[in-house]
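*Asks:* can you look at this prediction? I've put the sequence above it.
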Amino acid sequence: MAMPDTRKPTWAAYWGWGSGDMLGAGAQAVITGWLAFFFINFCGLSPVETGLILGLPRLLEAITCPLIGYVSDNLRHTWIGRKVGRRKIFLILTIPLLPAFALIFVAGQTFVYYLATFVFFEFVYTMFLIPWETLAAEMTKDYKEKAKFAGVRMMIAQSSAILASYLPTLIISHFGGKDSPSTFLIMAAIFGGLFSLVVTIVVLTTWERPYTEAEKLIRPEPMDWGKAAMIPVNMFRDLFSTLRLKAFRQHLSLYLGGYISQDVFNTAFPLFVTTVMLGSTLLISQLMTTMYVAQLISVMIAINVIIRTGPVVAYRWAIASVSAALLLFLTFYLIRPTGFAAGVERLDGNIFSALLPGGFNAAVVFWLFVPIILAGLGRGTLNFVPWGVYNYLPDVDEAVTGQRREGIFAGVMTLTRKVAQSGAIVLTTSLIGMGGFVAADKNHPGAVTQTPHAIQVVTLVMVGLPILVMLAGMVISWSFRLNARTHAVLVHEVERLRAGATEAETPESRRIVEDLTGWKWERLWGR
């Protein structure tokens, strides 16, 4: 079957598709960066209740994530797939629903209210995220173009994270209400409107994989209720079949190592700042802004590194950078630098004034900026590597199955991400709660005095858990061999298989394809 001529991505396509991560990463930056802090400090919820709200929706998503991926894959030869698009129909449905994000940040509600609003938003978020993630793989098969899509996505992601971290500072400076729950409601309302806007941009600037001449002859099938009843069986069969790809199993290890470490850090860091560094919402906001700016710089560097050398070197460097940052935070806790709190107090709510000649204090500048910048430089690359690699995985899968299954891979990725994120947040909040951390009074929100043991547990969780999961990812990286050279060989061999070849072009190409897929050549292409 000949492949159709494909459109060449322009910068409008790169940035239009990438803008979707204003929702993809922006929502997660708010959720992981602020939601636990908001629930514990302004809603009177305990760390355990907070963990349950952030974790229980993942039980539902064990069904919805792969289901959306599977259904979108199989809408290609239906009327709606032909007329609207098997991916875009989901995107269009989410546009009017996304402003509901603000409902999560209404203070003074019950546990059930927060659980219900969070479950609803997460479902809408998933309905966008999975079809959107497939589009870059559908718009091009070129290694460098896919890397550009991933790079632009990550730059948008880090920019949205900067916005999520700095908005509280801007809102407080314009509307007042330092350490007030209204700050977070205003921020969520702004993001809800932005989410609908960027999804509209994605719909207008992207396209799905063109139909081949043979596919154009296929008539849309009428509704078959027997096939519909088999969707759950077929869906989970496809779901687990992705794990039979060697490169995908390795990729998930890298992905989880990088992202779980950040979920733990994001959950514990605001509590660390308020208890160990004796800061407020303003200090948390400005430190997180600094970190996300460093992440943006890191992504721009990582794009070029991965195009030239592949993902493994960048991944290992990133782990070293984040680990160094975490050890510096541990050192801060252990030595409690003399004069730090007084030095921060003199900055009058603006840590960046410490960089100016009039307010410069070397010790304060070091502890405020060096650890958080190191964390940002590493985290930006940890974010980019898995999504840079993801765009190539459907090509590996096609060599084995002879099919294009971008949707099911996006479903597995999103499901894995959300389950892992849920587990990380539940574990983090549970350990912090078991350590004796006390939530604020619902009727009198704000900071409360914590015991030395509770503060110690927050610190050890924030430092120890991320380092452990990153080291596990680093061990797996030693056997991961997907890069520009091996991907080019793989794509060439897939084209030969499509044309009817039964043997690899060279022994070297056979070895590369078998290593990436984990399958012997004789069993490739659906055999």
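*Replies:* Right, received. Where do you want to start?

*Asks:* what packs against the longest helix out of those in the chain?
*Replies:* Taking DSSP state H as the criterion, the chain has its longest helix at helix 143-175. If contacts are counted by 3 or more C-beta pairs under 8 Å, 6 or more residues apart in numbering; DSSP states H and E, helix 143-175 sits against helix 11-18, helix 21-30, helix 111-139, helix 182-205, helix 281-309, helix 362-390, helix 484-498. C-betas here are computed from N, CA, C, even on glycine.

*Asks:* relative to residue 270, which of those is closest?
*Replies:* Residue 270 lies closest, by C-beta to C-beta, to one member of those: helix 281-309, at 4.8 Å.

*Asks:* check which helices and strands that closest one is in contact with.
*Replies:* Checking 3+ C-beta pairs under 8 Å, 6+ apart, helix 281-309 ends up next to helix 143-175, helix 246-275, helix 311-335, helix 362-390.

*Asks:* ok, then the element right after the shortest one?
*Replies:* Put plainly, it is helix 311-335. helix 340-345 (DSSP states H and E).

*Asks:* centre of the chain to that next one, how far?
*Replies:* Helix 340-345 has its C-alpha centroid displaced from the chain centroid by 34 Å (C-alpha atoms, centre = their mean, to the nearest Å).

*Asks:* swap in stretch 369-376?
*Replies:* So, by C-alpha atoms, centre = their mean, the centroid of stretch 369-376 is 20 Å from its chain's centroid.

*Asks:* about what we covered before: any idea which of the helices and strands packed on helix 281-309 gets closest to residue 51?
*Replies:* The closest of the helices and strands packed on helix 281-309 to residue 51 is helix 246-275. By C-beta to C-beta, the value is 8.9 Å.

*Asks:* next, the angle from that closest one to helix 21-30.
*Replies:* Inter-element angle recorded for helix 246-275 and helix 21-30: 50 degrees (by axes from the mean of the first three to the mean of the last three C-alpha atoms, to 10 degrees).

*Asks:* mean pLDDT, mean neighbour count and distance to residue 472 for the helices and strands packed on helix 281-309 - can I get that in TSV?
*Replies:* Listed next are the helices and strands packed on helix 281-309 as TSV, based on pLDDT from 0 to 100; neighbours: other C-beta atoms under 10 Å; distance: least, C-beta to C-beta, whole Å:
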stretch	mean pLDDT	mean neighbour count	distance to residue 472
helix 143-175	80	22	23
helix 246-275	88	24	6
helix 311-335	92	19	10
helix 362-390	88	23	13
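
*Asks:* for the helices and strands packed on helix 143-175, which one ends up most surrounded?
*Replies:* Most buried of the helices and strands packed on helix 143-175 by mean neighbour count (mean count of other C-beta atoms under 10 Å) is helix 21-30; its value is a mean of 25.

*Asks:* between that one and helix 143-175, how big is the angle?
*Replies:* 60 degrees.

*Asks:* for helix 21-30, packing partners?
*Replies:* Taking 3+ C-beta pairs under 8 Å, 6+ apart as the contact cut, helix 21-30 packs with helix 111-139, helix 143-175, helix 182-205.

*Asks:* out of those, which gets nearest to residue 420?
*Replies:* Shortest distance between residue 420 and the helices and strands packed on helix 21-30, using C-beta to C-beta, is found for helix 111-139: 14.5 Å.

*Asks:* measure how far that closest one is from the centre of its chain, please.
*Replies:* 12 Å.

*Asks:* next: stretch 366-380.
*Replies:* 19 Å.

*Asks:* can I get it in CSV? Just the C-alpha atoms.
*Replies:* C-alpha atoms of stretch 366-380 as CSV (Å, rounded to 0.1, in the frame of the first residue of the first chain):
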residue,chain,number,x,y,z
PHE,A,366,23.0,31.3,46.8
TRP,A,367,20.3,29.5,48.7
LEU,A,368,17.4,31.1,46.9
PHE,A,369,18.7,30.6,43.4
VAL,A,370,21.4,27.9,43.0
PRO,A,371,19.4,24.8,44.1
ILE,A,372,16.2,25.9,42.3
ILE,A,373,18.0,26.7,39.1
LEU,A,374,19.9,23.4,39.1
ALA,A,375,16.5,21.6,39.6
GLY,A,376,15.0,23.5,36.7
LEU,A,377,17.9,22.8,34.3
GLY,A,378,17.6,19.1,35.0
ARG,A,379,13.8,19.0,35.1
GLY,A,380,13.4,20.7,31.7
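
*Asks:* touching it from outside, list them.
*Replies:* 154, 158, 262, 265, 287, 290-299, 302, 317-326, 328-329, 332, 337, 340, 344, 351, 354-355 (C-beta atoms under 8 Å, 6 or more residues apart in numbering).

*Asks:* try 7 Å
*Replies:* 158, 262, 287, 290-299, 302, 318-319, 321-322, 324-325, 328-329, 332, 337, 340, 351, 354 (C-beta atoms under 7 Å, 6 or more residues apart in numbering).

*Asks:* okay if I get the helices and strands packed on helix 281-309 as a markdown table plus distance to residue 208?
*Replies:* Below are the helices and strands packed on helix 281-309 laid out as a markdown table (distance: least, C-beta to C-beta, whole Å):
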| stretch | distance to residue 208 |
| --- | --- |
| helix 143-175 | 14 |
| helix 246-275 | 22 |
| helix 311-335 | 26 |
| helix 362-390 | 17 |
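
*Asks:* out of those helices, which comes closest to residue 418?
*Replies:* With C-beta to C-beta as the yardstick, what comes closest out of these is helix 246-275 (10.4 Å).

*Asks:* counting by contacts, list what that closest one packs against.
*Replies:* helix 281-309, helix 362-390, helix 393-401, helix 406-434, helix 452-477, helix 507-517 (3 or more C-beta pairs under 7 Å, 6 or more residues apart in numbering; DSSP states H and E).

*Asks:* gap between the second one and the chain center?
*Replies:* Its chain's average C-alpha position is 15 Å from that of helix 362-390, according to C-alpha atoms, centre = their mean.

*Asks:* compute the inter-axis angle for it and helix 452-477.
*Replies:* Using the same axes, to 10 degrees, helix 362-390 lies at 40 degrees relative to helix 452-477.

*Asks:* now the shortest one
*Replies:* In terms of direction (the same axes, to 10 degrees), helix 393-401 departs from helix 452-477 by 50 degrees.

*Asks:* residue 479: helix or strand, and which one exactly?
*Replies:* Per DSSP H and E, there is no helix or strand for residue 479.

*Asks:* next, the contact list for it, please.
*Replies:* Residue 479 touches residue 250, counting by C-beta under 7 Å, 6+ apart.

*Asks:* check the gap between it and residue 255 for me.
*Replies:* 15 Å (C-beta to C-beta, to the nearest Å).
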